[in-house]
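Colleague: heads up, no residue letters with this:
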């Protein structure tokens, strides 16, 4: 597989605090790279750096981010922003917060497609319905006519996946895409995301706390702690037999692996 995304020696700081330190990663077309670690480890900051959507208080101190060999950090701001949504797509963790609650879903999707020059109104309408059908939404017209608050978290996340892939990106940053979903929906939504990515040859950076889902769907995993990649390798191998103490601690913290606790005493009647 060809190198799609190359991150080399990347360091990002907020003021005097360095939150990403000398990170080097690669991601190939059609590959899913899981990025795991505790909250505050720098995972989302790394994803936002790739997108060019860092908080104004953050700055890239050093390093290189290249997509298909082109250094993104060297691009003018307008050119960098033009890549967002089309060449590099984001699937956020809070679908309700990602959509405008005052606009119907169909209107919002149409605005995005129009912004990226996806044909006239009729062509965009056909593209939207096709995109929703591709993520197994049974009744696209009903979803398009609804406001976001009228849909479930799983339905909204499918809408965001459909929108991301409708723009035919090369790279998708999926930042905790299952956090807002119940357990029954998490696997189904990730299965859709990964299936669409493999069909289209899209690279996916999957940022997640859910180690079992990362092990199930990712090809490789990188473990991040305090802004540093401490372990990297095939997802199944790393999460089944981790080498670094921090990765071992993460795996040991899973409910299935936690040490049994003494039951609470039951008072006598």
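Modeller: Right, received. Where do you want to start? Since the model is a prediction, treat every value here as computed from it, not as a measurement. Residues are numbered from 1 along each chain as shown.
Colleague: now residue 187, nearest residue through space, not along the chain?
Modeller: residue 213 (6.7 Å; C-beta to C-beta, 6 or more residues apart in numbering). No exception for glycine: its C-beta is placed from N, CA and C like everyone else's.
Colleague: what sits against that neighbour?
Modeller: With contact set as C-beta atoms under 8 Å, 6 or more residues apart in numbering, residue 213 has these partners: 178, 186, 187, 190.
Colleague: so what's the first one scoring on pLDDT?
Modeller: Okay, so that is residue 178. pLDDT for residue 178: 81.
Colleague: and what of the last one?
Modeller: Looking at residue 190, its pLDDT reads 87.
Colleague: next SSE downstream of the helix or strand where it lies?
Modeller: Following DSSP states H and E, one finds residue 190 within helix 183-200. Heading C-terminal from helix 183-200, the first helix or strand you meet, by DSSP H and E, is strand 203-207.
Colleague: who does that next one touch, helix- and strand-wise?
Modeller: In terms of contacts (3 or more C-beta pairs under 8 Å, 6 or more residues apart in numbering; DSSP states H and E), strand 203-207 is packed against strand 3-14, strand 17-28, strand 32-36, helix 43-51, strand 171-175, helix 183-200.
Colleague: what lines up beside the fifth one in the sheet?
Modeller: Spelled out, it's strand 171-175. Strand pairing for strand 171-175, determined by DSSP bridges: strand 88-91 (parallel), strand 203-207 (parallel).
Colleague: what's in contact with that strand?
Modeller: Under the contact criterion C-beta under 8 Å, 6+ apart, strand 171-175 has outside partners 4-5, 27, 43-44, 47, 50-51, 67, 87-93, 164-165, 193, 197, 202-208.
Colleague: so for it, mean pLDDT?
Modeller: 94.
Colleague: next one: the first one
Modeller: Strand 3-14 shows a mean pLDDT of 95.
Colleague: just to revisit the earlier point, what's the angle between the helix holding residue 190 and strand 171-175?
Modeller: Calculated by axes from the mean of the first three to the mean of the last three C-alpha atoms, to 10 degrees, helix 183-200 forms an angle of 170 degrees with strand 171-175.
Colleague: list the buried ones in helix 183-200?
Modeller: Neighbour-count burial for helix 183-200, counted by 16 or more other C-beta atoms under 10 Å, picks out 185, 186, 187, 188, 189, 190, 192, 193, 194, 196, 197.
Colleague: ok, stretch 112-130 next?
Modeller: Under the neighbour-count criterion of 16+ other C-beta under 10 Å, stretch 112-130 has 112, 113, 118, 124, 125, 127, 128, 129 buried.
Colleague: for the residues you listed, which one is nearest residue 247?
Modeller: residue 112 (37.8 Å; C-beta to C-beta).
Colleague: quick check: that closest one touching residue 85?
Modeller: Yes. Judged on C-beta atoms under 8 Å, residue 112 makes contact with residue 85 at a distance of 6.7 Å.
Colleague: who touches both of the two?
Modeller: Counting by C-beta under 8 Å, 6+ apart, the shared contacts of residue 112 and residue 85 are residue 167.
Colleague: excluding its backbone neighbours, what's nearest residue 21?
Modeller: For residue 21, ignoring the flanking residues on the chain, the nearest one in space by C-beta to C-beta, 6+ apart is residue 227 at 4.4 Å.
Colleague: that neighbour - how many residues pack around it?
Modeller: The number of residues packed near residue 227 is 23, by other C-beta atoms under 10 Å.
Colleague: do you know how far residue 36 is from residue 226?
Modeller: Separation of residue 36 from residue 226 (C-beta to C-beta, to the nearest Å) stands at 14 Å.
Colleague: find the nearest non-adjacent residue to the spatially most central residue of the chain, please.
Modeller: By C-alpha atoms, centre = their mean, the chain has its centre lying nearest to residue 174, at 0.8 Å. Leaving aside its chain neighbours, residue 174 sits nearest to residue 91 (4.5 Å; criterion: C-beta to C-beta, 6+ apart).
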